[in-house]
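K.L.:
coords please:
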Amino acid sequence: MPIDFSKLLTSRETQADREAAAASYDAGLRAKDSRFRAERATRHAYIRIQEVSGRWTMDSSYTVTLHGLDAHGRRIRAEYDVPSAYGRDVAYAVSASFNNGDELSLRGYWKAYSNRQGKKFFTFKALHATGIDLDGLYNKTQKTVAA
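P.N.:
Model prediction:
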């Protein structure tokens, strides 16, 4: 009796099934990110933006780096991360919403780094920023794509 291998080669999963699974996975990542942001946003910082730059990271998330001055005139560096589950359109919209001269109230936490000489410096990891709603931007971009 010969073995019929043709059934092994055909996928029972359709393209629509794969897209639905990917959308469900991304929704789970967005929910996890929202919980993380709610739990870790324990500190406040104020920044008057002097320079904005963005970069893609190895895990396909987008990081917007803000350089500026705090309420006391001291230099401050803040980073706002946009996870890959939100997509490129949201990442670019977040980056475009930060402009030089803007004054923002940020919520997040301080993270210490050391350079090669062992000197410590701190970066504010912003999880919430005035006027930025990741889920709102995501829903807005999805409506634009669907239309």
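
K.L.:
Following the least confident helix or strand in the chain by mean pLDDT in sequence, what is the next regular element?
P.N.:
None of the helices or strands of the chain scores lower by mean pLDDT, DSSP states H and E than helix 6-9, at a mean of 68. Counting by DSSP states H and E, the next helix or strand C-terminal to helix 6-9 is helix 15-40.

K.L.:
Go ahead and flag the most central residue of the chain.
P.N.:
Val82 (0.9 Å; CA atoms, centre = their mean).

K.L.:
quick one: contacts for that residue?
P.N.:
Contacts for Val82 (CB atoms under 8 Å, 6 or more residues apart in numbering) come out as 61-64, 90-91, 94, 134. Using the backbone N, CA and C atoms, a C-beta is placed for each residue, glycine as well.

K.L.:
In JSON lines: those residues, plus distance to Gly101 and pLDDT.
P.N.:
As requested, those are arranged in JSON lines below (distance: CB to CB, whole Å; pLDDT from 0 to 100):
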{"residue": "Ser61", "distance to Gly101": "26", "pLDDT": "93"}
{"residue": "Tyr62", "distance to Gly101": "22", "pLDDT": "96"}
{"residue": "Thr63", "distance to Gly101": "21", "pLDDT": "96"}
{"residue": "Val64", "distance to Gly101": "16", "pLDDT": "96"}
{"residue": "Val90", "distance to Gly101": "23", "pLDDT": "93"}
{"residue": "Ala91", "distance to Gly101": "22", "pLDDT": "94"}
{"residue": "Val94", "distance to Gly101": "18", "pLDDT": "94"}
{"residue": "Leu134", "distance to Gly101": "23", "pLDDT": "88"}
